[in-house]
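**Student:** Predicted model follows, preceded by the sequence.
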Amino acid sequence: MGRSSKDKRDIYYRLAKEEGWRARSAFKLLQLDEEFKLFKGVSRAVDLCAAPGSWSQVLSRKLRGKDKSEEVKIVAVDLQAMAPLPGVTQIQGDITKISTAEEIIRHFEGESADLVVCDGAPDVTGLHDVDEYIQAQLLLAALNITTHVLKPGGNFVAKIFRGKDVTLLYSQLKIFFSFVTCAKPPSSRNSSIEAFVVCQNYSPPEGYVPNMSNPLLDHSYDVDLNQLEGPNRIIVPFLACGDLSGFDSDRTYPLQLDSSKEYQYLPPTQPPIRPPYQQACQLRKSNLLAKEDSPSGALNEALTALDLNTKPDTSTTTPGASE
Amino acid sequence: MASPVESAVVKSAVLVAPITALEFLGEDFLLTGEGPILSVYSLQASPKKCASINVLQNYRIHGIRPYKKHQSGGIPFSGASSASDNSYKGDIIVFGGKGVRLVSFESEGQCLKLIGPLLELQDWVLDIHCFKRQPHSLLGISLAHNAIMLLEAESGNIISFYSCVETCLLYSALMVGPNWDSVVLVGGTVFNQLVLWRPAGTKLSGQSQVERRLLGHSGVIFSLCYLQESGWLASASDDRSVRLWSVGTLGGDAGCGKESPTCLRVLYGHQARVFCVKLTPSRLFSAGEDGACLLWEWGGEGKVGCAFRGHKSGGVRALAVSEGSISCRAGWVATGGADGGVRLWRVAEGKKISEETQEETQLDLGFRGHGCPKVVRLVGEGESNAILVCTDQGEVCLSQGDIWDVIWQGGSEFQSYCVMEVASIQVQNSDCIVQVCAVGNLNGGVQVFLVGQPGVGVFLRAGEGKVHSVLWVKGLFGESGNVCLLASGSEGLVYRWTINVTEDKSGLHIKEEALLPFLLPPCAKRWLTAAVTLSQRNGFCLCGDRRGSLLLYMERENNDRINEGEESRIDSQDQETENRQTELVSSLSPISTLYGVHGKQGVTSVCEYQDLCYSTGRDGSVRILTVEESTLKVRRVHRACKGMDWLEMVLFLGSDGPERMLNKTIVKRTNDTGRESIAEARFVMVGFHSVHFVIWDPHRQEKLLSVTCGGGHRSWAFKRPISTHIDTQTQALRQGTLVFIKQGAVMASRSLMSTDTSVNGHTLKEGLHGRGISCVCHLGSLSGDLSELWEVFVTGGEDTTVGVLAVCPQSGIVKVLAVLTDHISIVRALAAIRRGDMNERERNNGMETSVLSSLVFSAGGRAQLQCYRLLIHLDEQQSQPICQVTQIAGHRLDEQWERKRNRHKTVKMDPETRYMSIAVVQNESEGVLLALGCSDGAVRLFSVNESSRSVDVLWECFYHQRCVLSVATCKLEDSQGRKLLLLFSATTDGCISVWDLTAVLNSKASVSWQGPSVPFFSIPVHQSGVNTLALSPRTEKGQTEDNVISLASGGDDGQLSLLRIKIDQAEQENGVASLQLLSHWSIPLAHSSPLTGLCLLSPALLASTSPDQRMCLWSVESDGLRPLQVRFSHIADAAGLWAWRSEGQEGGAWIVVCGQGLQLFQLTEKEIDEAENGRAEGEERKKVMFSHQCSRT
């Protein structure tokens, strides 16, 4: 009963498993491409905040399948590790560092990218001002990387949280792109403040020199009044893309979608790789979490065993961090 | 017409938001940050709030740093000794987001005052450290992009600015050091590392280098704490662990501490992410998303010394620990939750260690006697600690101290099986109280004897077969010193005797008198498991049996008592037959029966408290019952936490002593007026959860006590310590003792002699739903002549509960009246009908008290719909609102599937529908019709009958094929009296459809109805989903237009639309009404986020809200919508809005916004000049700009 519940409540979660996508967010990029033709003429693409890799998967399938004879290069960047994908070069690094941007350019042999996508979301704390701020900073960091690696006329697609200070973010993006649209694909739930900002025709201000040492800082605005009127208000049009014949992400569907095909449960395509809570879950499964009545002597022994397993991974990531 | 509304002023009246900052001022005051509001609580005597002020305007407070003026160096206030100084005068720095502000506090005047404007920086502030330098105070500020700056506190001038080479994003930061020149910054980065650097360190292109790097966490670091004395640093992380690092001395000449810092401890104990960590010289405190605050001891190998719980789902967001003064040797621990609640605990310093030793092991009471113990009971009340044990050899042993004595032997008849029960009896014509014991055997024999004098006893006979249970109840008809013994025989008869203890010259004697037996209803297991005599109704006895039934018996006035002599004639067969017939004729049948309500596992206890009856069963539920005209009625059902299915009893937290008499007076008074308005008592549930004995607080959703004792216990006893304060009573239950039998040994969870009460908990502020509030519904207002105005709401949340709240806008108090926990998934929609308002108001004119009587419907996930009757009135004794809840009915679509026997072998194929919206279609005395928008694409019509307590699906239509997000209804009536009932539904494709439900008004069908299969009108309004619909109130008679509806809608695209629709009923004679769209105005991007809350205050005034945290007022004019006012809302993730006109001559209105919290706005009409002046006073702000030149300083 519990396994099939999510298949009923989330139709795109189910379709993602059936079609082999790593996450349901793959449909968002696919539906955005249907509306904006993002993949047209793209041979070099960058995926920032890539893990678990569903957007890189979309790029790999769409770009490499189209032009097999032509060279297609895709670079995926994230702090976390990611399972390998065919045709995708992975960089594990911080998108706020200049070395990451230089490494991307190196993979493109000195040329600039045609498309930059970013599906970045913070480790959600539940406090909305912190979450929205971190997400905004991820978006600004992605924009900063984009100013280093994107060619003039290129496109940039990023996730945005429509929250308290969303107008500030619009103003930053408007500086660098001719057309900025806030779009929401059908696979994004109606109950979510998530949307995607589609920035077209990269045209930086004249004389602008990309500089990682000076991160973009937000400027303030009148909280109450400028939201509705006044010359300082940033108007970014909203577009709900996708046709209405597709699936409704808010609807609960029965398991038997097609009468000719029997329902069969599929496990997730790619479970998370070393999530932050992995050790805590293992300890809990072994009933070794410290409790009010029990000492944690056995806990320390189990921790030692676990730490031995994780040490080789730590040693491999340390050179990457220093590099 | 719009000009009076144009001058309206909107201000925030009440705010409930997550507590994001806590800080102690010594031992006497606690500062809390909730949204932008700073509050001060006085902790002396009984803690209470004494001051409150809005500090950061539209920022949320994330940190509070008190510091004292003219203090040498940068030592915080907590370091200074304040044992002899109870008055405090100093400044407080409050920061959050990009805002920083100075506030002054005087404890004598108990007032908070703003100093200077709000400083608005260009980056997020993570930590502030105070440095002293004449003539101005200087603030060291740590920023989110791994930089620090030095700022003048009052003027906002930047002195210096330093940044690190690693320009990464920080989740947390900490500044350590005595002065600015040698300060050290510890930052928790986005890549899960702790970096330490200082402005005085090595430079690279003008930026400082990282000098220390601490690796190990696999999640982001949320909180940091440093202890100077030991050189330890603690970090709390997303990977659910707390790490303790030995970094050495930081700051000053020591620089960044040890060359090779080490990780001393990795503490895994939280069930979810850890948000806060605090270090004191002797222990570590951590709190997180699982709602627990853990106290870690240094002794041993890092064990949890104590766990403080009490916040609802959403967890703990803020943590503060005071270091404790020298005199009292105890400190405070305060936790602030995402539910907006503040909890306070007093933690003992020294006693903790001794208590640990006791709690580590369960005591074996060293039972020694013949055979195995089968039944265990505690004897005596108060300080007495005697334990009575009955063994399978028919012996009864008494334990006092460490000595076990055999006080009674039953002989061969009582071997191999026995039941035992103990009671206290007052000796007749004496003040002496003695303990009496009853033991039953396999052959219908019952022996009753005194515990103190086992020789004094009497032998009774309860039928021929096995005695299944013996129970003691109070005597009927309220006779003092009178108890009644009930013994369940094997033929479904319960034999009863009145037992008295008399005293004469030769000593004590037991005197028994037989009564008519009770006859149980036929079933496979016919015996009583619980019984209680109702004290408020003479002659009534409430019983629970093994089949799970509840039975009400009434004693006859003329008792036909069976002579003892008749029982002895059992030799003759003919006489035997005659006796059996006599017994059947002369037994008592129940006058009211609730058959099998607690399931097949049986009832475990029944009790009476303040004229209400409470029953518990092994179906995991507590039923609250009333006796009305000799009939048992279930008022409400409570459930324990998940998995706690074996409930045994309830314990009440009512006050003892003089307040109890007061309660009785109140009860009698309400009886005299004939109103059924008795409030439920505060109780806790006692039962078994797997292998644990658990005491569960349903009000706070908190586990008070947990003892690992193994599963399936049949005999146990619980000793409850005496406590008089209701708040400390819940904590005192943690000190209770469980006595149980385990593998032939008599065990106790702790020493019976223990009287430790070192852990005290206070609730400074009550919390609401921990996660988001998804819907809100206003019920009405309450006010008396002498009391304040109370606004009453019902809220539904993501924590699956429905809360009944009362808000006093004058004082800002938010009081939780009731919490309804019947939903198994998110509550998404609420609707309410006020019933009997006029009658109640008229009748109570003499008492000058208003009463709210409402029928509330809640709907949500798992296709669940619940109906409650709420009765809310003011308690005149305390001027506080009181709520009585009666559960009317519930409905689930898949209830039939759940009852199938082999359901686990099949996969549940139908969708798990969520009810997204609810609207009242028809409100009649014989029934209520509800329309629900469902996530499986259906619109459903339900019929709710309050008298028969039933909910039925009348009609459902799957026309939309998309998630139906909103429904709204209106009823029209033309001049000729013809009625028209319309239903509006809106879906995720942005379309609004209109259905004609007029035929249901004329239909008499109560089971199903053949409704329309297509709407008669449909129009696309939004690009994406329509989140909310609002219909205008009834047009006034003065308006010339007839049958014109104003429909406002808000969508996921941020658009606000207004439709004006005219209904032409002339063609209704043909069977179909026609609809004409008069006008359609839209404001694209009325909000930057999805518009989630919408309400029409009047045909000309509209209120809207959105997750962009703005609340907008719109004027509906002849040529469209015009914005009037925008007010910033502190409710993140806004999900609903409700607005209503306030009653009274003052006019104005109220608007409530719900989401991550609750905010109440007041709309008043004032002069514009006054409004502008009011704004300028408190909302002054100053921008602090810094350029790159500062980085080279």
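**Tutor:** All right, it came through fine.

**Student:** switch to C-alpha atoms for all contacts and neighbour counts from now on
**Tutor:** Will do.

**Student:** Any regions of chain A where pLDDT drops low?
**Tutor:** Residues of chain A meeting the criterion pLDDT under 70: A:1-3, A:65-71, A:123-124, A:211-235, A:242-245, A:258, A:261-262, A:274, A:291-323.

**Student:** Determine which residue lies closest to the centroid of it.
**Tutor:** residue A:119 (2.0 Å; Cα atoms, centre = their mean).

**Student:** OK, contacts around residue 42?
**Tutor:** You didn't pick a chain, so chain A it is. A:63, A:114-115 (Cα atoms under 8 Å, 6 or more residues apart in numbering or on different chains).

**Student:** actually chain B
**Tutor:** Counting by Cα under 8 Å, 6+ apart, residue B:42 has contacts B:28-30, B:48-50.

**Student:** Sort out which of the residues you listed are buried, if you could.
**Tutor:** B:28-30, B:48-50 (16 or more other Cα atoms under 10 Å in any protein chain shown).

**Student:** what's the closest of those residues to residue B:287?
**Tutor:** In terms of Cα to Cα, no member of the buried ones among the contacts of residue B:42 lies closer to residue B:287 than residue B:30, at 17.8 Å.

**Student:** now the spatially closest residue to residue B:550 that is not a sequence neighbour: how far from chain A?
**Tutor:** With sequence-adjacent residues excluded and distances taken as Cα to Cα, 6 or more residues apart in numbering or on different chains, residue B:550 is closest to residue B:544, at 4.6 Å. The gap separating residue B:544 from chain A is 35 Å, by Cα to the nearest Cα, to the nearest Å.

**Student:** that older thread, turn the contacts of residue B:42 into TSV, including pLDDT.
**Tutor:** Formatted as TSV, the contacts of residue B:42 follow (pLDDT from 0 to 100):
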residue	pLDDT
B:28	81
B:29	87
B:30	90
B:48	69
B:49	78
B:50	79
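
**Student:** Nearest to chain A among those residues?
**Tutor:** residue B:30 (22.0 Å; Cα to the nearest Cα).

**Student:** Just give me the neighbour total for the residue nearest to residue B:608 when sequence neighbours are not counted.
**Tutor:** Counting by Cα to Cα, 6+ apart, residue B:614 is the residue found nearest to residue B:608 once chain neighbours are left out, at 6.2 Å. Neighbourhood size, residue B:614 [other Cα atoms under 10 Å in any protein chain shown]: 23.

**Student:** Quick check: residue B:614 vs residue B:337, distance?
**Tutor:** 32 Å (Cα to Cα, to the nearest Å).

**Student:** what does residue B:191 give?
**Tutor:** Residue B:191 is 27 Å from residue B:337, where distance means Cα to Cα.

**Student:** do residue B:105 as well
**Tutor:** Residue B:105 is 24 Å from residue B:337, by Cα to Cα.

**Student:** close enough to count as contact, residue A:122 and residue A:137?
**Tutor:** No. The criterion here is Cα atoms under 8 Å, and residue A:122 misses it with residue A:137 at 9.5 Å.

**Student:** Looking at the two, which is more packed in?
**Tutor:** residue A:137 (23 against 17).

**Student:** What residues does the more buried one make contact with?
**Tutor:** residue B:169.

**Student:** what's the helix or strand for the residue nearest to residue B:791 when sequence neighbours are not counted?
**Tutor:** Using Cα to Cα, 6+ apart and skipping the chain neighbours, the partner closest in space to residue B:791 is residue B:781 (4.5 Å). Per DSSP states H and E, residue B:781 falls inside strand B:773-782.

**Student:** cool, and residue B:64?
**Tutor:** strand B:63-67.

**Student:** going on from the lowest-mean-pLDDT helix or strand in chain B, what's the next piece of helix or strand?
**Tutor:** Within chain B, confidence by mean pLDDT, DSSP states H and E is lowest for helix B:658-673 among all helices and strands, at a mean of 35. The element immediately downstream of helix B:658-673 (helix or strand, assigned by DSSP H and E) is strand B:683-689.

**Student:** For that following strand, name the packing helices and strands.
**Tutor:** Counting contacts by 3 or more Cα pairs under 8 Å, 6 or more residues apart in numbering or on different chains; DSSP states H and E, strand B:683-689 packs against strand B:646-652, strand B:692-697.

**Student:** Now do the helices in chain B.
**Tutor:** Along chain B, the segments classed as helices by DSSP state H run B:3-6, B:351-360, B:564-568, B:573-585, B:658-673, B:726-732, B:837-843, B:895-898, B:998-1002, B:1168-1178.

**Student:** mean pLDDT for these: which is lowest?
**Tutor:** Among those, helix B:658-673 carries the lowest mean pLDDT, at a mean of 35.

**Student:** Contacts only, for the residue lying closest to residue B:475 once chain neighbours are set aside.
**Tutor:** Nearest non-adjacent residue to residue B:475, counting by Cα to Cα, 6+ apart: residue B:483, 4.3 Å away. Residue B:483 makes contact with B:425, B:472-476, B:498-500, according to Cα under 8 Å, 6+ apart.

**Student:** Redo those as JSON lines? Include neighbour count.
**Tutor:** Below are the contacts of residue B:483 laid out as JSON lines (neighbours: other Cα atoms under 10 Å in any protein chain shown):
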{"residue": "B:425", "neighbour count": "20"}
{"residue": "B:472", "neighbour count": "24"}
{"residue": "B:473", "neighbour count": "18"}
{"residue": "B:474", "neighbour count": "23"}
{"residue": "B:475", "neighbour count": "24"}
{"residue": "B:476", "neighbour count": "22"}
{"residue": "B:498", "neighbour count": "18"}
{"residue": "B:499", "neighbour count": "21"}
{"residue": "B:500", "neighbour count": "20"}
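
**Student:** Mind picking the two most distant members of the residues you listed?
**Tutor:** So, the contacts of residue B:483 by Cα to Cα: farthest apart are B:425 and B:476, at 14.1 Å.

**Student:** on that earlier part again, can you list the contacts of residue A:42 in a markdown table and add secondary structure, neighbour count and distance to chain B?
**Tutor:** Listed next are the contacts of residue A:42 as a markdown table, based on DSSP: H, G, I helix; E, B strand; the rest coil; neighbours: other Cα atoms under 10 Å in any protein chain shown; distance: Cα to the nearest Cα, whole Å:
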| residue | secondary structure | neighbour count | distance to chain B |
| --- | --- | --- | --- |
| A:63 | helix | 24 | 30 |
| A:114 | strand | 23 | 26 |
| A:115 | strand | 26 | 24 |
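
**Student:** Turn those into a markdown table, including distance to residue B:961.
**Tutor:** A markdown table is the format used below for the contacts of residue A:42 (distance: Cα to Cα, whole Å):
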| residue | distance to residue B:961 |
| --- | --- |
| A:63 | 34 |
| A:114 | 39 |
| A:115 | 36 |
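
**Student:** of all those, which comes closest to residue B:773?
**Tutor:** Among these, and counting by Cα to Cα, the member closest to residue B:773 is residue A:115, at 39.8 Å.

**Student:** circling back: give me the beta-bridge partners of the residue nearest to residue B:608?
**Tutor:** residue B:607, residue B:624 (DSSP bridges).

**Student:** Now do it against residue B:996, distance only.
**Tutor:** In this structure, residue B:614 lies at 46 Å from residue B:996, with Cα to Cα as the measure.

**Student:** Would you mind listing what in the stretch 151-300 of chain B touches chain A?
**Tutor:** Neighbours of chain A within the stretch 151-300 of chain B, by Cα under 8 Å from any Cα of the partner chain: B:166-169, B:191, B:218-220, B:238-241, B:267-271, B:300.

**Student:** residues in contact with stretch B:269-289?
**Tutor:** A:280, A:289-291, B:222-227, B:229-230, B:234-242, B:290, B:292-298, B:304, B:313-321, B:323.

**Student:** Of these, which count as buried by neighbour count?
**Tutor:** Buried, going by 16+ other Cα under 10 Å: A:280, A:289-291, B:222-227, B:234-242, B:290, B:292-297, B:304, B:313-321, B:323, out of those.

**Student:** Can you flag which of those residues belong to strands?
**Tutor:** Mapping the buried ones among the contacts of stretch B:269-289 onto strands (DSSP state E) picks out B:222-227, B:234-237, B:241-242, B:292-297, B:304, B:316-321.

**Student:** Flag every residue of the stretch 51-200 of chain A that's near chain B.
**Tutor:** So the stretch 51-200 of chain A meets chain B at A:79, A:94, A:96-97, A:123, A:128-129, A:137, A:162-167, A:190, A:193 (Cα under 8 Å from any Cα).
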